[in-house]
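# predicted model, plus sequence, below.
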Amino acid sequence: MTLCFDIGGTRIKYAKIDNQYNIEQVNVIPTPKNFNDFKRKIIKILDASNEKNVGFSVAGIVDYKSKTVKHSPNMLFLNNFSFNEFNIQSTHIEVENDANAACLNSYRIYKVPNMIHLTLGTGLGGGAIVNGKLLKSSVSVFEVGHISASINGKRCGCNNRGCIEKYTGIEHIIEFAKKNNVFDTLEHIFGNYSKNKIYKRIVDRFAQYLGIVVADLINVFGSDLIVFSGGIANNFDAFSQTLKKTVHRRSFVYRIKPCAFAVEENPTFAGLLGIASIFNEGLYG
């Protein structure tokens, strides 16, 4: 049994998961706004559970050796915090980037040895499986949302300009819609794209930017499967045609060896299940 945490900027989900991936009741609490409250909450949960295997999925760059969050843009109080501080009573602790954890869960489901997982939401996150193993170095990598798409583009929170997630993220889609005098919800825009030329222009623009980065990734990795998750991914039918056309036009590897596309069916617990797989499959030794 593993006690798994999925720590996001807004809320923390945690649950016990067994080696068959059965989930006990998932608990959700607001993410504390400061370090002391965060540490106090986690220690209280750990003391109550008494589990020896504990895993954390965290939005941020993770140093695996020290189990330290080097940078978490939405939880700055976690910067340079080592989760080894929770290592009490010989607890086995693992820490992973949230997008990588979701990628591990996709690999558990699809079992495709060369695949990519992309999360579509406020930003653009991702993870890659190469020859059956998660792509990583001494720190969590695959910050795909920060691939540059423009020389002098929009300023990103990472201090770069023109990061691709500034063009595929929810805020940009809404901003572009407003420039076209559209003030409807994203659900309405994507759900009715075929009935309205302006809606279609908004959806197609998003799909083209996403297609550019997907084409780049296919050219580099030659992946056999791309899995999407996140709120925007629920509208895959609306943008899939333009996405695939863009990928076909921009990726010669895709034209030689087309890959499959899929949408994760139940992304709500992807981070928790991905963390559990680290222990259940012995992924990190």
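Cool, got the structure. Residues are numbered from 1 along each chain as shown.

# okay, now residue 282: neighbour count?
By the criterion of other C-beta atoms under 10 Å, residue 282 has 8 neighbours. Just so you know, the C-beta spots here come from the backbone N, C-alpha and C atoms, and that holds for glycine as well.

# what does residue 178 give?
Residue 178 has 10 neighbours, counted by other C-beta under 10 Å.

# am I right that it is in a helix?
Yes: under DSSP: H, G, I helix; E, B strand; the rest coil, residue 178 sits within a helix.

# now it: how far from residue 172?
According to C-beta to C-beta, to the nearest Å, residue 178 stands 11 Å off from residue 172.

# show me where the stretch 101-250 of the chain has its strands.
115-120, 124-130, 133-134, 225-229 (DSSP state E, counting those that start in this stretch).

# dump those strands into CSV; add mean neighbour count as well.
Below are those laid out as CSV (neighbours: other C-beta atoms under 10 Å):
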stretch, mean neighbour count
strand 115-120, 27
strand 124-130, 24
strand 133-134, 18
strand 225-229, 25
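
# right, and these - which one's nearest residue 50?
Nearest of the strands of the stretch 101-250 of the chain to residue 50, taken as C-beta to C-beta: strand 133-134 at 28.9 Å.

# other SSEs contacting the closest one?
Strand 133-134 sits against helix 98-110, with contacts defined as 3 or more C-beta pairs under 8 Å, 6 or more residues apart in numbering; DSSP states H and E.

# list the buried residues in the helix it packs on.
98-110 (16 or more other C-beta atoms under 10 Å).

# mind listing residues that contact that helix?
Taking C-beta atoms under 8 Å, 6 or more residues apart in numbering as the criterion, the residues outside helix 98-110 that touch it are 6-8, 21, 57-60, 96, 115-117, 119, 125-129, 132, 134, 136, 140, 142, 225, 227, 229, 262, 264, 267, 270-271, 273-275, 277-278, 281, 283.

# I'd like the average pLDDT over that helix.
For helix 98-110, mean pLDDT rounds to 95.

# now the angle between strand 225-229 and that helix, please.
120 degrees (axes from the mean of the first three to the mean of the last three C-alpha atoms, to 10 degrees).

# what mean pLDDT does the longest helix belonging to the chain have?
Counting residues, the longest helix in the chain under DSSP state H turns out to be helix 197-221. The average pLDDT within helix 197-221 is 97.

# that helix: which residues count as buried?
Buried residues in helix 197-221, counted by 16+ other C-beta under 10 Å: 199-200, 202-218, 221.
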